[in-house]
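K.L.:
Model the following, please.
(2 chains, ligands or ions: 1)
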Amino acid sequence: MRQVAIVGAAMTKFGVSEKTNLEMFAEAGLEAIARSNLEPRDMEALFFGNCLGDFEEGQLHMASFAHAELGLPVSAPATRFESACATATVATRHAALLVGAGVYDVVIAGGTERATKMGTPLATRTFAMASQAQHESSAGITFPGVFAMATHLYAHKYGIPLKDLKRHMAGVAVKNHYHGSMNPKAHFQKKIDIDMVLGGMMVADPLQLFDCCPFSDGAAAVVVANAGKAKDLIKNPIYIAGMGQASNGPLYLQKDLTRVRAREASIAQAYKEAGIGPDDLDVIELHDCFTIAEILALESFGVYDFGKAYDAATKGETALNGARVVVNPSGGLKAKGHPIGATGAAQITEIVEQLRGESGPRQVEGACIGLVDTLGGDLGTVCNIILTNRAN
Amino acid sequence: MEYKITFNHYQQGLEQGKFLGLTCNACHSVIFPPAAVCRECGSSDLTPTELSGRGTLRTFTVVRVAPEGKKPPYIVAMAELDEGPWALGNLINMNPDAADMGLIGKRVSLGRHMVKGDTYASDDTWVLTFALKDA
Ligand SMILES: [Zn+2]
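P.N.:
Residues are numbered from 1 along each chain as shown, chains lettered A, B, ... in the order given. Predicted coordinates for the structure are as follows:
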């Protein structure tokens, strides 16, 4: 495999948008192309992420329209990826695999989502479509419900009183909203406190409103290039050091939801390819769709032992300037927002900017190695990308 | 390769109050609900079996913000069946506001209830239920 680099990355502001999926994607995509000192006609393929365009806008087969919106040449194929919330990371991984294999030199990947258009009842219904239809979504399980069940399992398994666990989970929300307050692209840019989290409406016991990420609109895109060419394009390419992706089935087969087996398999692949381990990570953008999800992820990565990450945020270990490793400096899905088809590419955008030292007030000083972690569905897909600012 | 028990066949079993599964002849795991191959070893040498319908509750949630078409609050739970597999279903015969951590580890008996289809999943479906043994 040839070495592969990200040469340009961009995202729209996340939040509630009046723009169409295509308009948002074109804004992010054209900016990513411009930042790469390239033109749309230089793109050899589009790896396009979108989950719910059929419900949001009555639009299937959006990839070819996104291709047209960007002004790509007819010879550049556009392919839609759908891996629930991990969509754009999976799209980017496949872009990087084909560039690494020498099929293409320069491609664009990313995604777009306009989830707020649906309203909460339909959005909740469509998100639940990512659970197994015959046996699980038929029982009325929702995404907050899945992570709520994981929370109860976690409290029981590790003997942590639920009340204490919830206070520490609230600490994750407080930290990520603090980070989001420094991100002008974030859906929510206001700090919150633990009392606000613990006073929120109950969504799925024991998860309250501020334990949950929002439905958001937004798009993000990255230009992926052969590393040999990247240096000719820009002065500071960010290199892909390792990638992983793994799959797991319905909840009833996963059993103990505190152990995200797909993530454990995915991160092992990424560490192996990168030749690094958890202690080498300087900054992490991980899939905090719910506060408990950040805790589970840090344990899957080996940054903390199993059963030990629950109080990382309240101890200040994962905040900007924290003692251990900075987690979700963008604000994460919690505060930055979660337009599901775009999320992975926005996480990559944050890590690229962090590794280039372009993150302003939320810059992680001296960051060299960053991890992108995106989870799709009810723990059924995980995709990881490790990025570095050093060529190997 | 042919399914020993299709989803439709499994549903007919539920309608009659039977919990149809499969036993793997290679590794002796029990597969429930039925599938094409054994989840433990990948073998397709499977023999139909009927589960006892008993298990232990492992986790739960009370859904208070529901998908379009569902009426909250209701309880979704996972139980470990005595034969080994885990199952997801609705904990019934219980006030959702009374659900707490004390449920975890409680013995449950398996049942089923009919969930009407909606615009997107148009089939009516028998869904598993759990009820506390001492309730
Ligand atoms: Zn077997």
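
K.L.:
wouldn't A:P206 be in contact with A:Y154 here?
P.N.:
No - using C-beta atoms under 8 Å, A:P206 is not in contact with A:Y154; the gap is 10.5 Å. Where C-beta positions appear, they are placed from N, C-alpha and C, glycine not excepted.

K.L.:
With neighbour numbers in mind, choose between the two.
P.N.:
Neighbour totals were compared for A:P206 and A:Y154, and A:Y154 leads with 26 against 21 (other C-beta atoms under 10 Å in any protein chain shown).

K.L.:
wait, that one sits on A:D164?
P.N.:
No - under the criterion of C-beta under 8 Å, A:Y154 makes no contact with A:D164, lying 11.5 Å away.

K.L.:
Distance check, A:A204 against the ion.
P.N.:
Using C-beta to the ion, to the nearest Å, A:A204 is found at 34 Å from the ion.

K.L.:
Any residues of the stretch 251-392 of chain A in contact with chain B? List them.
P.N.:
In this structure, the stretch 251-392 of chain A approaches chain B at residues A:L251, A:Y252, A:L253, A:K255, A:L257, judged by C-beta under 8 Å from any C-beta of the partner chain.

K.L.:
if we go to 7 Å?
P.N.:
A:L251, A:Y252, A:L253, A:K255 (C-beta under 7 Å from any C-beta of the partner chain).

K.L.:
For A:R93, which non-adjacent residue is spatially closest?
P.N.:
Nearest non-adjacent residue to A:R93, counting by C-beta to C-beta, 6 or more residues apart in numbering or on different chains: A:M243, 5.1 Å away.

K.L.:
Pull the contacting residues for the one you found.
P.N.:
Shown in contact with A:M243 (C-beta atoms under 7 Å, 6 or more residues apart in numbering or on different chains): A:R93, A:A96, A:A270, A:E273, A:N384, A:I385.

K.L.:
Please work out which residues outside the helix or strand where the first one lies touch it.
P.N.:
What it means is A:R93. For A:R93, the host element (DSSP states H and E) is helix A:87-100. Here helix A:87-100 makes contact (C-beta under 7 Å, 6+ apart) with A:1-2, A:4, A:47-49, A:51, A:81, A:83, A:104-105, A:107, A:109-111, A:220, A:222, A:224-226, A:240, A:243, A:245, A:340-345, A:348, A:372, A:374, A:376, A:381, A:383, A:385.

K.L.:
Could you rerun that using 6 Å?
P.N.:
Here helix A:87-100 makes contact (C-beta atoms under 6 Å, 6 or more residues apart in numbering or on different chains) with A:1-2, A:4, A:47, A:49, A:51, A:81, A:83, A:104, A:107, A:109-111, A:222, A:224, A:226, A:240, A:243, A:245, A:341-342, A:344-345, A:374, A:383.

K.L.:
list the contacts for A:P77?
P.N.:
A:P77 neighbours (C-beta under 6 Å, 6+ apart): A:A45.

K.L.:
just to revisit the earlier point, closest one of the residues of the stretch 251-392 of chain A next to chain B to B:A79?
P.N.:
A:Y252 (9.5 Å; C-beta to C-beta).

K.L.:
Was I right to think the closest one contacts B:A87?
P.N.:
Yes - if you go by C-beta atoms under 6 Å, A:Y252 and B:A87 touch, sitting 5.4 Å apart.

K.L.:
could you pull out the strands for chain A?
P.N.:
A:4-11, A:46-49, A:78-81, A:106-114, A:202-204, A:207-208, A:217-226, A:238-247, A:283-285, A:326-327, A:369-376, A:381-388 (DSSP state E).

K.L.:
Export those as TSV, with columns for mean pLDDT.
P.N.:
As requested, the strands of chain A are arranged in TSV below (pLDDT from 0 to 100):
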stretch	mean pLDDT
strand A:4-11	98
strand A:46-49	98
strand A:78-81	98
strand A:106-114	98
strand A:202-204	98
strand A:207-208	98
strand A:217-226	98
strand A:238-247	98
strand A:283-285	98
strand A:326-327	98
strand A:369-376	98
strand A:381-388	98
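
K.L.:
ok, which stretches of chain B are strands?
P.N.:
Using DSSP E, strands in chain B cover B:20-24, B:30-31, B:46-50, B:54-63, B:74-81, B:86-91, B:107-115, B:125-132.

K.L.:
mind checking which of those strands is nearest the ion?
P.N.:
The ion lies closest to strand B:20-24 among these, at 3.1 Å (C-beta to the ion).

K.L.:
how does chain A divide into domains?
P.N.:
A:4-119+A:215-238, A:142-213+A:241-388 (automatic domain parsing).

K.L.:
can you pull the alpha-carbon coordinates of the helix holding A:R93 into CSV?
P.N.:
Provided in CSV are the C-alpha atoms of helix A:87-100 (Å, rounded to 0.1, in the frame of the first residue of the first chain):
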residue,chain,number,x,y,z
THR,A,87,-21.0,6.6,7.2
ALA,A,88,-18.5,9.3,6.4
THR,A,89,-15.6,7.5,8.2
VAL,A,90,-16.3,4.3,6.3
ALA,A,91,-16.5,6.3,3.0
THR,A,92,-13.2,8.0,3.8
ARG,A,93,-11.5,4.6,4.7
HIS,A,94,-12.6,3.2,1.4
ALA,A,95,-11.3,6.2,-0.4
ALA,A,96,-8.0,5.9,1.3
LEU,A,97,-7.8,2.1,0.6
LEU,A,98,-8.3,2.8,-3.2
VAL,A,99,-5.7,5.6,-3.2
GLY,A,100,-3.3,3.4,-1.2
